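Enquirer: 3D, please:
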Amino acid sequence: MEDHKIVQRNIALQREWYGEPLGDRVRRLVVAFDTSQANLADVLGISAPMLSQVMSGRRAKIGNPAVLARLIMLERKILTPEVASGAKEHLQKALEDVRVSKPAVTRDSLPVDVGRSAIMALRRLIAADDLTQAADLLDPRFPELADLLRRAGRHRV
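Expert: From the prediction side, this is the model:
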C-alpha cells in the first residue's frame with residue numbers, strides 16, 4: 001500500500017477511534033499551551049518522533065493508554081479559568097501537573113467511547129439480522145451485552 005493511502009487509512013481510523021484526527025487535537029494543545037510539539041510529547045510521555053508519526057497519520061493509534069489519558073487531561077485543562085487566561089505560569093503549571101501524573105487507566109475510566117468502537121466493529125463483521133438474533137438469545141442472562149448487540153444491529157447511518 002502506498003504511503004498516501006496508508007496515511008489516509010490511518011487518519012480515517014483516528015476519526016473512528018478518537019473522534020477526529022489526532023493531529024488536530026495535538027495542534028490545538030500546542031497552541032493552547034503555547035508550547036512546542038517536542039515539549040508536548042515529553043508531557044504526554046511519548047517520544048517526539050512517535051508523536052509526529054501519530055499527528056501525520058503515519059501511525060494510526062497511541063498504543064499506551066496512559067498517554068491518551070494525559071492528552072485528554074490536557075484537553076480538559078484548556079477549559080479551566082487559569083489555563084484559559086493564557087498566563088504563562090498557569091500554562092506551565094498545568095503542563096507540569098500532567099507530566100508528573102500517573103493516570104490509572106481501567107475499564108471504568110477508559111477515555112475512549114468503547115461502546116461506539118465495539119458497535120462499529122460489530123457492524124463491519126456481522127449482518128444486522130444476526131446481531132439482533134444474538135441479542136435475543138443473550139438477553140435473559142446478559143442484558144447489557146444484548147443491548148450492545150441490538151444497537152449495533154440497528155439501521156446504519
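Enquirer: Distance-wise, check Gly63 relative to Asp34.
Expert: In this view, Gly63 and Asp34 are 28 Å apart by CB to CB, to the nearest Å. The C-beta positions use only the backbone N, C-alpha and C, and glycine is treated the same way.
Enquirer: hang on, I meant Asp42
Expert: With CB to CB as the criterion, Asp42 and Asp34 are 15 Å apart.
Enquirer: more neighbours, those two?
Expert: Remark: of Asp42 and Asp34, Asp42 carries more neighbours, 16 against 12, as counted by other CB atoms under 10 Å.
Enquirer: List the residues that contact that one.
Expert: Listed by CB atoms under 8 Å, 6 or more residues apart in numbering, the contact set of Asp42 reads 48, 99.
Enquirer: What of Met55?
Expert: Going by CB under 8 Å, 6+ apart, Met55 touches 22-23, 26-27, 37.
Enquirer: ok, those vs Ile126, which is closest?
Expert: Nearest to Ile126 among the contacts of Met55, counting by CB to CB, is Leu22 at 28.4 Å.
Enquirer: just checking, the closest one touches Val67?
Expert: No: in terms of CB atoms under 8 Å, Leu22 does not count as a neighbour of Val67; the distance is 10.7 Å.
Enquirer: What's the first helix or strand after the lowest-mean-pLDDT helix or strand in the chain?
Expert: Ranked by mean pLDDT, DSSP states H and E, the weakest helix or strand in the chain is helix 114-125, scoring a mean of 72. With elements assigned by DSSP states H and E, the helix or strand that comes after helix 114-125 is helix 128-138.
Enquirer: That next one - what's its average pLDDT?
Expert: Helix 128-138 comes out with an average pLDDT of 92.
Enquirer: Just the buried positions in it, please.
Expert: Within helix 128-138, the residues scored as buried using 16 or more other CB atoms under 10 Å are 131, 134-135, 138.
Enquirer: Can you list the residue ranges for helices in this structure?
Expert: Secondary structure of the chain (DSSP state H): helices at 3-18, 22-32, 37-44, 48-56, 65-77, 81-84, 88-99, 114-125, 128-138, 143-153.
Enquirer: Leu22 and Val67: which is more packed in?
Expert: Remark: of Leu22 and Val67, Leu22 carries more neighbours, 25 against 20, as counted by other CB under 10 Å.
Enquirer: which residue is nearest the centroid of the protein?
Expert: Residue closest to the average C-alpha location in the chain (CA atoms, centre = their mean): Tyr18, at 3.5 Å.
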